[in-house]
Each structure stands twice: as structure tokens, then as C-alpha cells.
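Visitor: The sequence and its predicted three-dimensional model are supplied below.
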Amino acid sequence: MAEGSIDKTSQDLAKKAEEKGISTAYKRREQMKACPIGAQGMCCKHCNMGPCRITPKNPTGICGATGDTIAARNFARMVAAGTAAHSDHSREVALTLLHAARG
């Protein structure tokens, strides 16, 4: 059920949602089989020439990117998206430190 979270409150809420028949990400993850290519980070949709599926038979994308390159690009994009989505938190910390330094 909520083994995907170490947070007790999240586990309690997921259990309550399950009891009420509300779909949760935990349940959907259990029910959905992951794409084997995507699960390895070997699916590339970075340009308009793809998407490319990297397999032993096709070890590079149309642009020549290898599986390692594609996995690194995918990871970098996820990190950038997460950073962009939460940059306001860093800004507030920086402003708080600035105000504290100025007294």
C-alpha cells in the first residue's frame, strides 16, 4: 500500500484513501508494469528526430547518443526540473540569511 513512503502521515493518508476507494500513486505503481526501456533510462525524447529506443540491436539514437548519454541527459533534465520547481525555497533561505546578516 504505502510502502513507497517512509513518512507515517503519508502512509496514514494513503491507507485512508485506499479505504475510501480513492486511487493513489502507490496503488497505480503496483498495477502498472513499467516500460523496460524507460525504466533503464534508455528512452530519448529530447529532439524532434525521436523518440529513440536504445536496445542491444540499436545501441545509439538517431543523433548518435549512446544509452549512457541518454540516461545522463534524462537525469540532468529531472534535476533541472526539480530545481526550477523549488528554486523559490532557496531564494527565501538566501533572503533570510541576508536579512540576518544585516541585522
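Guide: Here it is on my side, so go on.
Visitor: can you give me the strands for this protein?
Guide: Counting by DSSP state E, the segments of the chain that form strands are 43-44, 52-53.
Visitor: List the strands paired with the last one, with their directions.
Guide: When pairs are called by DSSP bridges, strand 52-53 turns out to pair with strand 43-44 (antiparallel).
Visitor: for the lengthiest helix in the chain, packing partners?
Guide: Ranked by number of residues, the top helix in the chain under DSSP state H is helix 67-102. In terms of contacts (3 or more Cβ pairs under 8 Å, 6 or more residues apart in numbering; DSSP states H and E), helix 67-102 is packed against strand 43-44. Bear in mind the C-beta positions are built from the backbone N, C-alpha and C, glycine included.
Visitor: low-confidence ranges in this protein?
Guide: 1-4 (pLDDT under 70).
Visitor: The same query, at a cut-off of 90, please.
Guide: Across the chain, the ranges flagged by pLDDT under 90 are 1-8, 10-11, 13-15, 18, 23-56, 71, 74, 82-91, 103.
Visitor: Give me the domain ranges for it.
Guide: 1-32, 36-102 (automatic domain parsing).
Visitor: Export those domains as CSV, with columns for mean neighbour count.
Guide: As requested, those are exported to CSV (neighbours: other Cβ atoms under 10 Å):
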stretch, mean neighbour count
domain 1-32, 12
domain 36-102, 13
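Visitor: Check the protein and tell me which residue is nearest its centre.
Guide: Central residue of the chain (Cα atoms, centre = their mean): residue 78, 5.7 Å from the mean position.
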